[in-house]
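Student: sharing a model prediction with you, sequence too.
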Amino acid sequence: MSINLIQAEIVGRDLIEMTVTDHGVPVRVRFVGCDDFAREVKQCYLSHGPNPKNWPLPLGTSHSALLLKEFILKCQGKWQEVYTEQELCHCRMVQAQTVEQAILCGAHTSEAVSRWTSAGTACGTCKPTIEQILEARLLD
Ligand code: FES
């Protein structure tokens, strides 16, 4: 039997992960983070049980809600990356991960993403992709 890890993270801030067996049986859920994130996770656990597959998707666009939404969708096997390459903005050499993290932390418009990361501030070819990621992340 091997163990798999399902994880969602705002690097250096909040992290939630679940270890599961090959057959999808949850072994353990672990999280670290701020009080707001801990409160959301505990609320799900107490109201809906220990298996994150059964947790409802959180509403809203707080960093906690967005991160928990990603985690629950991953646990349910429904998470879809909008952009799968490493580098999203080739002009500024900005990684997709950097854009995703900025959105999780509160950059909720393409202008904000550009200000925080510099992605999209040259030729603009990557802007539609940034907007697709924003839409996927922020849509309830
Ligand atoms: S590819 Fe992002 S600004 Fe050109």
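Tutor: Good, I have the coordinates.
Student: please make it C-alpha for all contacts and neighbour counts, starting now.
Tutor: Will do.
Student: what's the burial count for Ser2?
Tutor: Neighbour count of Ser2, defined by other CA atoms under 10 Å: 8.
Student: correct me, but it touches Thr21?
Tutor: Yes. Here Ser2 reaches Thr21: they are 6.0 Å apart, a contact under CA atoms under 8 Å.
Student: phi, psi for the closest residue to Ala96 other than its chain neighbours please.
Tutor: Nearest in space to Ala96, with sequence neighbours left out and distances taken as CA to CA, 6 or more residues apart in numbering, is Leu88 at 4.8 Å. Main-chain torsions, Leu88, degrees, to the nearest 10: phi -90, psi -50.
Student: tell me the contacts of Leu88?
Tutor: When contacts are counted by CA atoms under 8 Å, 6 or more residues apart in numbering, Leu88 touches Val94, Gln95, Ala96, Ala119, Cys126.
Student: quick check: the farthest pair among these?
Tutor: Gln95 and Cys126 (11.4 Å; CA to CA).
Student: need the overlap of contacts for these two.
Tutor: With CA under 8 Å, 6+ apart, Gln95 and Cys126 have common neighbours Leu88, Cys89.
Student: okay, domains of this protein per the record?
Tutor: 3-76, 87-138 (automatic domain parsing).
Student: and the last one, how far out from the chain's middle?
Tutor: Centroid separation between domain 87-138 and its chain, computed with CA atoms, centre = their mean, to the nearest Å, is 14 Å.
Student: what mean pLDDT does it have?
Tutor: The predicted model gives domain 87-138 an average pLDDT of 97.
Student: what does the first one give?
Tutor: Averaging pLDDT along domain 3-76 gives 93.
Student: His48 and the ligand, how far apart?
Tutor: According to CA to the nearest ligand atom, to the nearest Å, His48 and the ligand sit 42 Å apart.
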